[in-house]
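[1] Fold the following, please.
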Amino acid sequence: MDVRPTNQVCLTKYSHGGGCGCKIDPAALHEILANVPRFAGNPNLLVGIESDDDAAVFKINDSQAIVVTNDFFTPIVDHPYDFGRIAATNSISDVYAMGGTPLMAVSIVGFPVNKLPLNVMQEIMRGGVETCQDAGIMIAGGHSIDNEEPIFGLCVIGMIDPRRIKKNSGAKAGDVLITTKPLGIGIMSTAVKVQSLSQEGYEKVVRTMSTLNKPGAWLGSQESVHALTDVTGFGLAGHALEMARGAGVSIILEAGKIPVMEEAWGLATEGIVPGGAYRNLAAFGGAIQFNGNLSTDHQLIFTDPQTSGGLLMAVAPDAAEEIIAKLKELNCLVAAPVGRVVAANGACSVTIEGP
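    Next comes the predicted model:
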């Protein structure tokens, strides 16, 4: 079914890929960064690039630290307003994923001025501004360039207590893994491009991508939350692997407990899967293992690049039920226990147990 806008520009026609699926694959990114000089020597830089974390954190004093992140991508949907909302939601998420509270943002814009009418960019910005208002912050400036592909995102500044930073590397053996959004975003977004997504599916995936990860600010105050990240371009399996490697542990995910948007299963079987899912799976190699009755097509659900995905956290087992109850109270789309952290038996790994 064609859910693209009528009598309006279809943004995805102007991009080679969409959303977080545009990320450079993990193997190539690690190769690029291998020889990039690290800045060392400033004890106030509490989080840098060493642990593949979601944002940088710089200590101001004993009770305040600044969280800094930027994120941008090409259109993942055709509606300009929806694209603006999704891109802004995704950008702000990295502050929440550190347990911080966003303060302000500046925009990052690329726009093909001679190819698209300017009101398209106005609608993208309107979506971004309204999302920032929902987050309680403002877009206070930005930078724009004339570019062949439309690009939108934000640089976001947040605040956090340096004693409560939630890195992606704090997981402990025995922890319960909990997530807050269903998977399938990349697959369903790909279906938009090939006119194979239902109207109901389109509304669901846009709602999922446009939902702010606000509970991250509360999770930052919880000592029982040992590690926190958001699930984006490397898929659930990839971000779980980053968590495992950062903590020197292994992770077991239970496929039957992981929430997935129903339409995504059938689309994956039909081969409607973004290239990023295949690149992620190849990049992780033997570090991602599948056990049980999962078809090759359905394995790609777990490496599917998620744009503006949910939070993934490692929580002390005796606090898991309390955390899940609070996440539901905070209106998370889902609050599901999806796996557990175990001691690494050799190399750190992620195992996905099939039904």
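
[2] need the contact list for residue 174.
    Contacts of residue 174 were listed using C-beta atoms under 8 Å, 6 or more residues apart in numbering, and they are 316, 317, 340, 341, 342. From N, CA and C alone the C-beta is placed, and that goes for glycine too.

[3] how close does it sit to residue 145?
    From residue 174 across to residue 145, the span is 49 Å (C-beta to C-beta, to the nearest Å).

[4] sec struct for the residue positioned nearest the centre of the chain, please.
    Most central in the chain under C-alpha atoms, centre = their mean is residue 232, positioned 2.6 Å from the mean C-alpha point. The three-state assignment at residue 232 reads coil, by DSSP: H, G, I helix; E, B strand; the rest coil.

[5] Quick check: it vs residue 322, distance?
    Applying C-beta to C-beta, the value for residue 232 to residue 322 is 27 Å.

[6] Residue 279 too?
    Residue 279 sits 38 Å away from residue 322, taking C-beta to C-beta as the criterion.

[7] what does residue 302 give?
    27 Å.

[8] do the same with residue 238
    28 Å.

[9] Show me the protein divided up by domain.
    Taking automatic domain parsing as the criterion, the chain consists of the domains 11-164, 176-353.

[10] Relative to residue 170, which of those is closest?
    domain 176-353 (4.1 Å; C-beta to C-beta).

[11] Regarding the closest one, how distant is the last residue from the first?
    Using C-alpha to C-alpha, to the nearest Å, the end-to-end distance of domain 176-353 comes to 15 Å.

[12] Can you give the distance of it from its chain's centre?
    9 Å (C-alpha atoms, centre = their mean, to the nearest Å).

[13] mind listing the strands for the stretch 101-250 of the chain?
    Secondary structure of the stretch 101-250 of the chain, counting by DSSP state E, counting those that start in this stretch: strands at 101-111, 139-146, 151-160, 176-179, 225-230, 249-254.

[14] Next, the buried residues of the fourth one.
    Buried residues in strand 176-179, defined by neighbour count with 16 or more other C-beta atoms under 10 Å: 176, 177, 178, 179.

[15] What confidence value was assigned to the residue lying closest to the first one once chain neighbours are set aside?
    The reference is to residue 176. By the measure of C-beta to C-beta, 6 or more residues apart in numbering, the closest residue to residue 176 outside its immediate chain neighbours is residue 320, 4.1 Å from it. pLDDT, residue 320: 97.

[16] Phi and psi next, for residue 320.
    phi -60, psi -50 (degrees, to the nearest 10).

[17] any idea how far it lies from residue 84?
    For residue 320, the distance to residue 84 (C-beta to C-beta) stands at 36 Å.

[18] how distant is stretch 63-70 from the center of its chain?
    18 Å.

[19] Buried residues, that stretch. List them.
    Neighbour-count burial for stretch 63-70, counted by 16+ other C-beta under 10 Å, picks out 65, 66, 67, 68, 69.

[20] got the contact list for the helix or strand harbouring the third one?
    It stands for residue 67. In the assignment (DSSP states H and E), residue 67 maps to strand 64-73. By C-beta under 8 Å, 6+ apart, the residues outside strand 64-73 that reach it are 18-20, 22, 46, 54-60, 87, 90-91, 93-95, 98, 100, 108, 110, 151-162, 165, 307.

[21] Narrow these to those that are buried.
    Neighbour-count burial (16+ other C-beta under 10 Å) is assigned, among these, to 18-20, 22, 46, 54-57, 59, 87, 90-91, 93-95, 98, 100, 108, 110, 151-158, 160, 162, 165, 307.

[22] circling back to that earlier point, please say which of residue 238 and residue 322 ends up with more neighbours.
    residue 238 (29 against 13; other C-beta atoms under 10 Å).

[23] surely that one meets residue 282?
    No. Counting by C-beta atoms under 8 Å, residue 238 does not reach residue 282; the two are 11.4 Å apart.

[24] now the helix or strand where residue 59 lies against strand 64-73, angle please.
    Assigned by DSSP H and E, residue 59 falls within strand 56-61. Per axes from the mean of the first three to the mean of the last three C-alpha atoms, to 10 degrees, the angle that strand 56-61 makes with strand 64-73 is 160 degrees.

[25] related to what we said a few turns ago, next up, the contacts around the residue nearest to residue 176.
    Remark: with contacts taken as C-beta under 8 Å, 6+ apart, residue 320 is in contact with 176, 178, 337.

[26] Return the member of these nearest to residue 121.
    The closest of those to residue 121 turns out to be residue 178 (C-beta to C-beta; 37.8 Å).

[27] gap between the two ends of stretch 160-180?
    Its start and end residues considered, stretch 160-180 measures 21 Å (C-alpha to C-alpha).

[28] For this structure, which segments are assigned as helices?
    With DSSP state H applied, the chain shows helices at 26-34, 80-96, 118-134, 185-193, 199-209, 215-219, 235-247, 262-269, 275-284, 296-299, 320-329, listed in chain order.
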